[in-house]
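Enquirer: Below are the sequence and a predicted model; questions follow.
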Amino acid sequence: MEFTTEVFSLFDRKWALVTAGSIDDFNTMTIGWGGLGTLWSRPVATVYVRTSRYTHEFMDRNEYFTVSFYPEDKKKILGVLGTKSGRDMDKMHDSGLTPVKAGESVTFAEAELTLVCRKLYMQRLELDRIPADIVERFYSKDAPHDMFVGEVVSVLPRFVQ
Ligand SMILES: Cc1cc2nc3c(=O)[nH]c(=O)nc-3n(C[C@H](O)[C@H](O)[C@H](O)COP(=O)(O)O)c2cc1C
C-alpha cells in the first residue's frame, strides 16, 4: 500500500478501522472519512466520529487510538464493523479479526498498515459553520461528529504476511 497515490480515495473507498482502548477493553468501528496531514509540525491523522458511536466513548477515555487499513478481502468484515455497534455485538471477540497490541493502543493482525495516534485535539463540528445542504443531508437525523486529531507516533507494517 502506498500513501503517495490515491490519497483522496484512501478513506472514502478503501475504508479503515478506528480503534481505541486497551487490549482488554477496546472498541473498533469502520470509518470512511478521515485525513492525513501535518499540524503543529507533526504528522497527524484526523478522524470524525459521531457522538452516538460506542467507539466515541473509548476515544474520549483514551489518550491513544489507531487507524488501520486492510486488504480487499477483509472488506466484508469492515462492512459488519461499520453497521453493528459494539453495544450489540462483542467486537472484542467476534470481529473476525485478531486483536493485537499496538503501542499504547490496539490494532488487528490482519491490518496491512496501522497508524498509532496520540490524541492532540478534539472538537465537535459546529452545525452553524457548515453549509445548509450538508447539515440537512448528514445531521438532520444523526448525531454530530467530533473531530479527533491524533499525532501519528508510529506506523506499523503488517503483522501477518
Ligand atoms: C463504509 C463506512 C464508513 C463509515 N464511516 C464512519 C465515519 O467516518 N464516522 C462515523 O462516526 N461513523 C462511520 N460509519 C458508521 C460506524 O462504523 C457504525 O455506526 C458502527 O456500527 C459504529 O460502531 P460502534 O457503535 O461499535 O462504535 C461508517 C460505516 C461504514 C459502513
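Expert: Structure's in. What do you need?
Enquirer: from here on, contacts and neighbour counts on C-alpha atoms
Expert: OK.
Enquirer: Tell me who's in contact with the nearest residue to Gly82 once chain neighbours are set aside.
Expert: Distance criterion CA to CA, 6 or more residues apart in numbering; nearest residue to Gly82, sequence neighbours excluded, is Thr30 at 4.5 Å. The contact partners of Thr30, taken as CA atoms under 8 Å, 6 or more residues apart in numbering, are Trp15, Ala16, Leu17, Val18, Leu78, Gly79, Leu81, Gly82.
Enquirer: Assumed Thr30 was part of a strand.
Expert: Yes: counting by DSSP: H, G, I helix; E, B strand; the rest coil, Thr30 is located in a strand.
Enquirer: chain center to the one helix or strand in the chain whose mean pLDDT sits lowest: distance?
Expert: Within the chain, confidence by mean pLDDT, DSSP states H and E is lowest for helix 91-94 among all helices and strands, at a mean of 89. Distance, stretch centre to chain centre, for helix 91-94: 16 Å (CA atoms, centre = their mean, to the nearest Å).
Enquirer: residue closest to the middle of the protein?
Expert: In the chain, the residue lying closest to the centroid (CA atoms, centre = their mean) is Val18, at 2.2 Å.
Enquirer: which of the contacts of Thr30 lies closest to the ligand?
Expert: Nearest to the ligand out of those is Gly82 (CA to the nearest ligand atom; 3.3 Å).
Enquirer: Number of residues surrounding that closest one?
Expert: Per other CA atoms under 10 Å, the neighbour tally for Gly82 reads 17.
Enquirer: Keep the contacts of Thr30, but drop any that are not near the ligand.
Expert: Contacts with the ligand within the contacts of Thr30, counted by CA under 6 Å from any ligand atom: Trp15, Gly79, Leu81, Gly82.
Enquirer: and those residues, which are buried?
Expert: Trp15, Leu81, Gly82 (16 or more other CA atoms under 10 Å).
Enquirer: what comes into contact with the strand or helix carrying Ile134?
Expert: Using DSSP states H and E, Ile134 maps to helix 132-139. Here helix 132-139 makes contact (CA under 8 Å, 6+ apart) with Leu127.
Enquirer: could you dump that helix to PDB, C-alpha only?
Expert: Written as PDB, here are the backbone C-alpha positions of helix 132-139 (Å, rounded to 0.1, in the frame of the first residue of the first chain):
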ATOM      1  CA  ALA A 132     -27.000  24.100   5.000                       C
ATOM      2  CA  ASP A 133     -27.200  21.400   2.300                       C
ATOM      3  CA  ILE A 134     -24.600  19.400   4.200                       C
ATOM      4  CA  VAL A 135     -26.300  19.900   7.500                       C
ATOM      5  CA  GLU A 136     -29.600  18.800   6.000                       C
ATOM      6  CA  ARG A 137     -28.000  15.700   4.400                       C
ATOM      7  CA  PHE A 138     -25.800  14.500   7.300                       C
ATOM      8  CA  TYR A 139     -27.200  15.900  10.500                       C
END
